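J.: Okay, predicted coordinates and the sequence, questions at the end:
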Amino acid sequence: MPVITIKNTGKTLEAAEGTSIMQALLAAGENIAHKCVEGKDELCGACHIFVHEGRKTLTKTTRPENEKLDTIVGVGSGSRLACQAMLGTENITVELLTI
C-alpha cells in the first residue's frame, strides 16, 4: 500500500491504491478543508493541496479539475484537489494548506 507523508506534520499513513487523497486523509483523522458531500463530485476547490513527491503515481488531472485549479489563487505545478487525486502504487508527500 502506498504511504502518504504529510509535510506539515511529518505524519505518515497508509491507504489503498485507488483511494482519493481526501478519503485517505479523512479516514486518518486529518483536518483538511472540504465541502464535498459523500458520493458527489463537487470540485469546489476547498481541498486544494500541494503534492511535493510522487505526483506521477497519482491519476492524471482531469479537465474539470484543471479548470477549477485555474480559478484558485496560489496554485503551483504541484497543486491538486485532494478529492480528485487517486493514489497509485508509489508513496507521496503532500502539504495541507491551513484553513
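T.: Here it is on my side, so go on.
J.: what about the residue nearest the centre of the chain, distance to residue 22?
T.: Central residue of the chain (C-alpha atoms, centre = their mean): residue 82, 2.5 Å from the mean position. In this view, residue 82 and residue 22 are 4 Å apart by C-beta to C-beta, to the nearest Å. (Each C-beta comes from the backbone N, C-alpha and C, glycine too.)
J.: any shared contact partners between those two?
T.: By the contact definition C-beta atoms under 8 Å, 6 or more residues apart in numbering, residue 82 and residue 22 are jointly contacted by 32, 34, 47.
J.: residue ranges of the helices in the chain, please?
T.: Using DSSP state H, the helices of the chain run over residues 21-27, 63-69.
J.: check contacts around residue 94.
T.: By C-beta under 8 Å, 6+ apart, the contact set of residue 94 is 4-7, 21, 49-52, 82.
J.: Could you report the pLDDT at it?
T.: pLDDT, residue 94: 98.
J.: And for residue 37?
T.: At residue 37, pLDDT is 68.
J.: Now stretch 61-73: buried residues?
T.: 61, 65, 68-69 (16 or more other C-beta atoms under 10 Å).
J.: top of the shared contacts of residue 82 and residue 22 by neighbour count?
T.: Of all those, the highest neighbour tally under other C-beta atoms under 10 Å goes to residue 47, namely 25 neighbours.
J.: Touching, that residue and residue 33? I think so.
T.: Yes. At 6.2 Å, residue 47 counts as touching residue 33 under the criterion of C-beta atoms under 8 Å.
J.: For residue 94, name its beta-bridge partners.
T.: With DSSP bridges applied, the residues forming beta bridges to residue 94 are residue 6, residue 51.
J.: residues contacting the nearest residue to residue 93 once chain neighbours are set aside?
T.: Using C-beta to C-beta, 6 or more residues apart in numbering and skipping residues adjacent in sequence, the residue nearest residue 93 is residue 53, 4.0 Å away. Counting by C-beta under 8 Å, 6+ apart, residue 53 touches 5, 91-93.
J.: returning to that earlier point: need the helices of the chain in CSV with distance to residue 12, can you?
T.: Converted to CSV, these look like this (distance: least, C-beta to C-beta, whole Å):
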stretch, distance to residue 12
helix 21-27, 11
helix 63-69, 25
